[in-house]
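Q: predicted coordinates and the sequence they were generated for:
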There are 2 protein chains.
Amino acid sequence: MKHTATGNGGEAGRRPTINDIAKRAGLSKASVSRALNGKQDVDPATRKRVLKLATELGYVASASARALSNGRSNCLGLLVPSLTWPWVLEMLRGVAEEIERSGYSLILYTTANGEDSERAFMTQVVPAGAVDGLALVIPPGMLDYIGRLAKGGLPVVVIDDRGHEGELPTVATTNLEGGRSATQHLVELGRRRIAMLHGQLEFGCNRDRLEGYKATLEEGGLGFDPGRTTTGYFTEVSGASGMTQLLESDPRIDAVFAANDLMAFGAMRALRSAGRRIPDDVAIVGFDDIPASAMTHPPLTTIRQPLYEMGRKAATMLMAAVGGDSIPSRVELPTSLVIRASTVP
Amino acid sequence: MKHTATGNGGEAGRRPTINDIAKRAGLSKASVSRALNGKQDVDPATRKRVLKLATELGYVASASARALSNGRSNCLGLLVPSLTWPWVLEMLRGVAEEIERSGYSLILYTTANGEDSERAFMTQVVPAGAVDGLALVIPPGMLDYIGRLAKGGLPVVVIDDRGHEGELPTVATTNLEGGRSATQHLVELGRRRIAMLHGQLEFGCNRDRLEGYKATLEEGGLGFDPGRTTTGYFTEVSGASGMTQLLESDPRIDAVFAANDLMAFGAMRALRSAGRRIPDDVAIVGFDDIPASAMTHPPLTTIRQPLYEMGRKAATMLMAAVGGDSIPSRVELPTSLVIRASTVP
DNA sequence: TATATTTCCGGAACCGGTTACGGAACCGTC
DNA sequence: GACGGTTCCGTAACCGGTTCCGGAAATATA
């Protein structure tokens, strides 16, 4: 940048700097800095004078100058692979509110552009010291890198890991308990032929939800029948085709537990196409409690993931870690059963 | 910060700086800077040597040092009043993708904590020079401030203004055309008693959508009946109570245009409670096309706002403005009619 | 009253980059 | 061989803060 050697008192449109205040106050900028930051070695009267001047001039310390000097950017990063997933908004809201409340700024990163994004993030953003800490939903394939990052000293908190991989501090939800309570709910309603639609078992959350389903069936004396489960993806379309498939193999299914709400929506569509009434013929429970779940007809009974709270918790932990505190290696926030008309009319 | 006067070559865990490269290369940091930034006055062989060294050391320029020197943070801000609105995610996605692609970072601000948030943003964040430009959905009550900000030289782009207020560069959608096409669709389906649920008329979008509805009715020879419209809020509950009210004043209503999807959801609920079949008895059109709209039963016919594209456009304009280009004062992206089973079985 | 201690402040270095400016070495030319 | 023009690089200032250190003045202690 071209530097103009004006040395004026800061009258122009230029933002006032600490030097402007120093000149006005007849002090050195060291003293002004001390006064503004509440440090010691400042006469109370002097401090008051400085603060008054700062207010008058509308002085605010430059973020980048402070960052350079302090070695901390006062920014926290949030990395999410995709903003197309409906549940990220709630989580994001939790993170954002908590971070904002604490005076940090939130820098949002995505890997929407695939490997280019990932590479740019790993090779440019983080090493540039742009953030003091990082909360993230791990994009597939970046786990190693994040691990190294954490080892390298960057505070990191993982949200909703999909497989209990690694030893990074993590905020998750009780997927197993969620699977249990969904299934238990259906059992208590008197359903006996309970199917499950789940996503890829590479993801720990699917394994846990399936495990909860299985355990509850066995404890309830209903027995686990692998033929009543199907593997798919976390999408509406996959839920529909999975449901169709399940109905073909056993038309007498009287309940379905879908591992996420989108799959449940698809299942509802397939059930209706097959002439089944919900919940009279087939009851259905989802997982997540995304906003749309309350709007379907019938509204979807589902296992609520406390996404907002998870976001807040992750942010809290991250800030604690940045502040030098030690943080737990894993926090699980409880799911809850939200009963709507897809199971109880 | 405590500065350790080590002066080592950068062997330790410390991130390498431009000085480390300079020492290794036997050059001054000025030359290294020129080499790394592709400036002139550098011997090609020297440049190659420097680049090689930088790669070896894993050198990345400090974001804050560069920001301080350049006077630009390389960050763009996005201010949204609330992350509870379902449509913000799509817009956010557009902004994020575009910004990321261009190598900027996106700092997300909300005013979730009310006036405290607003004050902090206005008095701390912006004057600290944390962002080079700002895209925003104007929170009620901050319009004046944003106007002054823009006059003060900060590039600003407003997304979806709610009233054509001020002369700030704006990205919006064709609310009036949207209102027209929603109504026209219902007219073409043979509906004759078309009601409208709208939000507060303080917001320009509601006025425009209402105006489109009105004009289309009159052009279609159906006449505008104020008794068939009701003012409410952009919520499901408000949509339901509005619908109930409309049905009481005219039970023979055969179509409804709701000014947003949430109101449409509420209307659908109220219609069902009143024993009306959708769309047989009453057809319904919403506005926004939030994700949930495709999941309701029946799926909701709606006017799609191109939120993703609006986000991208706003980001593009903002970056152009930051780069010194002049940008249009108002851009309107077209809505589109998405026909689903709430109007056509 | 002389000395030790505290209070308050300024000078200067530092964070890690960018850039204006000047100068030495090299080139070619008459 | 003197001279003007490039090429390439180093010095130093600067961005706007924070902090170490030392010193003068004011105060407390002997």
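A: Yes, it's here. Keep in mind it's a predicted model, so treat the numbers as computed, not measured. Residues are numbered from 1 along each chain as shown, chains lettered A, B, ... in the order given.
Q: could you measure from the residue nearest to residue A:86 when sequence neighbours are not counted over to residue A:92?
A: Leaving aside its chain neighbours, residue A:86 sits nearest to residue A:290 (4.6 Å; criterion: CB to CB, 6 or more residues apart in numbering or on different chains). C-beta: built from backbone N, CA, C; applies to glycine. From residue A:290 across to residue A:92, the span is 13 Å (CB to CB, to the nearest Å).
Q: those two: who's more crowded?
A: Using other CB atoms under 10 Å in any protein chain shown, the more surrounded residue of residue A:290 and residue A:92 is residue A:290, with 28 against 24.
Q: quick one: the residue nearest to residue A:86 from residue A:304, how far?
A: Counting by CB to CB - residue A:290 and residue A:304 are separated by 10 Å.
Q: residue A:86 now?
A: Distance from residue A:86 to residue A:304, by CB to CB: 14 Å.
Q: overlap in contacts, those two.
A: Residues touching both residue A:86 and residue A:304 by CB atoms under 8 Å, 6 or more residues apart in numbering or on different chains: residue A:288.
Q: looking at these two, which has the bigger crowd around it?
A: For residue A:86 versus residue A:304, the count of surrounding residues by other CB under 10 Å is larger for residue A:86: 21 against 18.
Q: what's the pLDDT at residue A:102?
A: Looking at residue A:102, its pLDDT is 93.
Q: chain neighbours aside, what residue packs nearest to it?
A: Sequence neighbours aside, residue A:319 is the residue nearest to residue A:102 in space, at 5.6 Å (criterion: CB to CB, 6+ apart).
Q: wait, isn't that neighbour in contact with residue A:133?
A: Yes. With contact defined as CB atoms under 8 Å, residue A:319 counts as touching residue A:133 (7.3 Å).
Q: what about residue A:178, how many residues nearby?
A: Counted with other CB under 10 Å, the neighbours of residue A:178 add up to 28.
Q: hmm, it is touching residue A:303, no?
A: Yes. At 4.2 Å, residue A:178 counts as touching residue A:303 under the criterion of CB under 8 Å.
Q: between those two, which contacts overlap?
A: Residues within reach of residue A:178 and of residue A:303 at once, by CB under 8 Å, 6+ apart, are A:287, A:335.
Q: for residue A:332, helix, strand, or coil?
A: Secondary structure for residue A:332, judged by DSSP: H, G, I helix; E, B strand; the rest coil, is strand.
Q: how near is it to DNA strand D?
A: To DNA strand D, residue A:332 is 37 Å away according to CB to the nearest atom of the strand, to the nearest Å.
Q: pLDDT value on that residue, please?
A: Listed pLDDT for residue A:332 reads 94.
Q: kindly report the same for the one 4 residues further on.
A: Turning to residue A:336, the model gives it a pLDDT of 98.
Q: who's in contact with it?
A: Neighbour list for residue A:336: A:303, A:304, A:306 [criterion: CB under 8 Å, 6+ apart].
Q: can you show me the strands along the stretch 51-200 of chain A?
A: With DSSP state E, counting those that start in this stretch, the ranges of strands along the stretch 51-200 of chain A come out as A:75-80, A:105-110, A:133-136, A:156-159, A:170-173, A:194-198.
Q: so which of the ones you listed is the most packed in?
A: By mean neighbour count, with neighbours taken as mean count of other CB atoms under 10 Å in any protein chain shown, strand A:194-198 ranks first of the strands of the stretch 51-200 of chain A at a mean of 28.
Q: just checking, what packs against the helix or strand just after that strand?
A: Once the chain leaves strand A:194-198, the next helix or strand it forms, by DSSP states H and E, is helix A:204-219. For helix A:204-219, the packing partners by 3 or more CB pairs under 8 Å, 6 or more residues apart in numbering or on different chains; DSSP states H and E come out as helix A:175-188, strand A:194-198.
Q: can you list these in a markdown table and add mean pLDDT and distance to residue B:66?
A: Shown next, in a markdown table, are the helices and strands packed on helix A:204-219 (pLDDT from 0 to 100; distance: least, CB to CB, whole Å):
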| stretch | mean pLDDT | distance to residue B:66 |
| --- | --- | --- |
| helix A:175-188 | 97 | 43 |
| strand A:194-198 | 98 | 47 |
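Q: pull up the residues of the stretch 151-300 of chain A that are close to chain B.
A: Proximity of the stretch 151-300 of chain A to chain B, by CB under 8 Å from any CB of the partner chain, involves residues A:152, A:153, A:236, A:265, A:268, A:272, A:291, A:292, A:295, A:296, A:297, A:298.
Q: in CSV: those residues, plus secondary structure, pLDDT and neighbour count.
A: Converted to CSV, those look like this (DSSP: H, G, I helix; E, B strand; the rest coil; pLDDT from 0 to 100; neighbours: other CB atoms under 10 Å in any protein chain shown):
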residue, secondary structure, pLDDT, neighbour count
A:152, coil, 89, 12
A:153, coil, 91, 8
A:236, helix, 94, 22
A:265, helix, 96, 28
A:268, helix, 96, 28
A:272, helix, 94, 14
A:291, helix, 89, 20
A:292, helix, 91, 24
A:295, coil, 88, 25
A:296, coil, 89, 24
A:297, coil, 84, 19
A:298, coil, 89, 17
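Q: out of the residues you listed, who's nearest DNA strand D?
A: Each of those was scored against DNA strand D by CB to the nearest atom of the strand, and residue A:153 proved nearest at 19.0 Å.
Q: quick one: the closest residue to residue A:18 other than its chain neighbours and residue B:123, what's the gap?
A: For residue A:18, ignoring the flanking residues on the chain, the nearest one in space by CB to CB, 6+ apart is residue A:29 at 4.9 Å. Distance, residue A:29 to residue B:123, by CB to CB: 22 Å.
Q: just residue A:257 next, same as before
A: Separation of residue A:257 from residue B:123 (CB to CB): 51 Å.
Q: and what of residue A:154?
A: 30 Å.
Q: neighbour count: those two, which is higher?
A: residue A:154 (19 against 13).
Q: just list whatever residues bridge to the residue nearest to residue A:121 when sequence neighbours are not counted.
A: Once flanking residues are discounted, residue A:121 sits nearest to residue A:109: 5.7 Å by CB to CB, 6+ apart. Going by DSSP bridges, residue A:109 is paired in beta bridges with residue A:79.
Q: go ahead and confirm residue A:109 touches residue A:77.
A: Yes. The pair residue A:109 / residue A:77 is scored as a contact, 5.9 Å apart, by CB under 8 Å.
Q: which residues are in contact with both of the two?
A: If you check residue A:109 and residue A:77 against CB under 8 Å, 6+ apart, the residues they both contact are residue A:125.
Q: out of the strands of the stretch 51-200 of chain A, which comes closest to DNA strand C?
A: Counting by CB to the nearest atom of the strand, DNA strand C lies closest to strand A:75-80 out of the strands of the stretch 51-200 of chain A; the figure is 16.0 Å.
Q: CA atoms only for that closest one, dumped as PDB, please.
A: The C-alpha trace of strand A:75-80 is given here as PDB (Å, rounded to 0.1, in the frame of the first residue of the first chain):
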ATOM      1  CA  CYS A  75     -12.000 -15.300  14.800                       C
ATOM      2  CA  LEU A  76     -13.300 -18.900  15.000                       C
ATOM      3  CA  GLY A  77     -13.900 -21.000  12.000                       C
ATOM      4  CA  LEU A  78     -16.800 -23.300  11.300                       C
ATOM      5  CA  LEU A  79     -16.300 -25.700   8.500                       C
ATOM      6  CA  VAL A  80     -19.300 -27.600   7.100                       C
END
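Q: now the angle from it to strand B:75-80?
A: For strand A:75-80 against strand B:75-80, the angle by axes from the mean of the first three to the mean of the last three CA atoms, to 10 degrees is 70 degrees.
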